[in-house]
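Colleague: got a sequence here, can you model it:
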Amino acid sequence: MLTIETGIYEYPPIWDISTPEGVDALVQELAGEKICLTDADETFMATADAFIHALQKQYGYTIKRTDIVEYGIEKTVARVTGLPKTTAQKITLGIFGQPQFYATIEPHEDVIDALKELDQHGHQIVVVTHRAKIEKAQPGITQGWIHRHNIPCSGVIFANPDEKVCLFSTLANQVAPGSIFLEDHPTTAANAIASTNGSNITVGLIRRPWTENSGMPTITADQVVPLALGTLNFEP
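Modeller: Numbering: from 1, shown residues only. So this is what the prediction gives:
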């Protein structure tokens, strides 16, 4: 996937799984391949840090990354600031609804390094993210970010958490052993594991403040490649 002419990774295409035909085409594309199915926000994008900055700059409220001990940052905003839950949710959705916000997100370089190493091991890197709404407002914002930060990526899929689990289940025994699914949403990771009776895809829940309290095993960035290669003693 690395282009000799430019030395950067190609601009990733979007894979549409909104129809049975789209799912079938994706399965045909990835069947027999080792894949890394990876979430984007807070898996390899430092979205929470960008949100913390935007919250302070736009509304004057301060929260710390370590305050985010449960999934759903609006819950942290309400708890730390004392705002009503409805107000905290409105503020949170307002920030995430701004297309310009996504340009401020920095990468988790350690996870991106792991993705690049998996690419060198022959894994197809497939980004699956719940960003369909913001993409309608500003098409290409996710692909552009991935390209700008020089991330190997075979394709981008827009899917909500339930659709992610369904996709995981569909691909579980179609792709090659040694495949991996990276996620920062504990419920999505747990549901993916529960969706199949055996799978060629190992689930890795990335260690974040809100995943450490989930009761599930978590992995750091430097454990991603060993987990995929089967050299890490890890039981989901």
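Colleague: can we go C-alpha only for contacts and neighbour counts from here?
Modeller: OK.
Colleague: and the most centrally placed residue in the chain, its phi and psi?
Modeller: If you average the C-alpha coordinates of the chain and look for the closest C-alpha using C-alpha atoms, centre = their mean, you land on Asp39, 1.5 Å from that point. With angles defined as degrees, to the nearest 10, Asp39 sits at phi -70, psi 170.
Colleague: these two touch, right, Ala189 and Glu183?
Modeller: Yes - contact criterion C-alpha atoms under 8 Å: Ala189 and Glu183 qualify, at 6.3 Å.
Colleague: which residues do the two both contact?
Modeller: By C-alpha atoms under 8 Å, 6 or more residues apart in numbering, Ala189 and Glu183 have these common neighbours: Val203, Gly204, Leu205.
Colleague: how would you label the last one: helix, strand or coil?
Modeller: It stands for Leu205. Per DSSP: H, G, I helix; E, B strand; the rest coil, the local secondary structure of Leu205 is strand.
Colleague: neighbours of it, just the number please.
Modeller: Summarising burial for Leu205: neighbours were counted as other C-alpha atoms under 10 Å, giving 27.
Colleague: give me the distance between the residue nearest to the centre of the chain and Gln56.
Modeller: Noted for Asp39: a distance of 26 Å to Gln56, by C-alpha to C-alpha, to the nearest Å.
Colleague: quick one on the thing from earlier: so which of the shared contacts of Ala189 and Glu183 would you say is closest to Asp222?
Modeller: For the shared contacts of Ala189 and Glu183, the minimum distance to Asp222 (C-alpha to C-alpha) is 11.8 Å, reached by Gly204.
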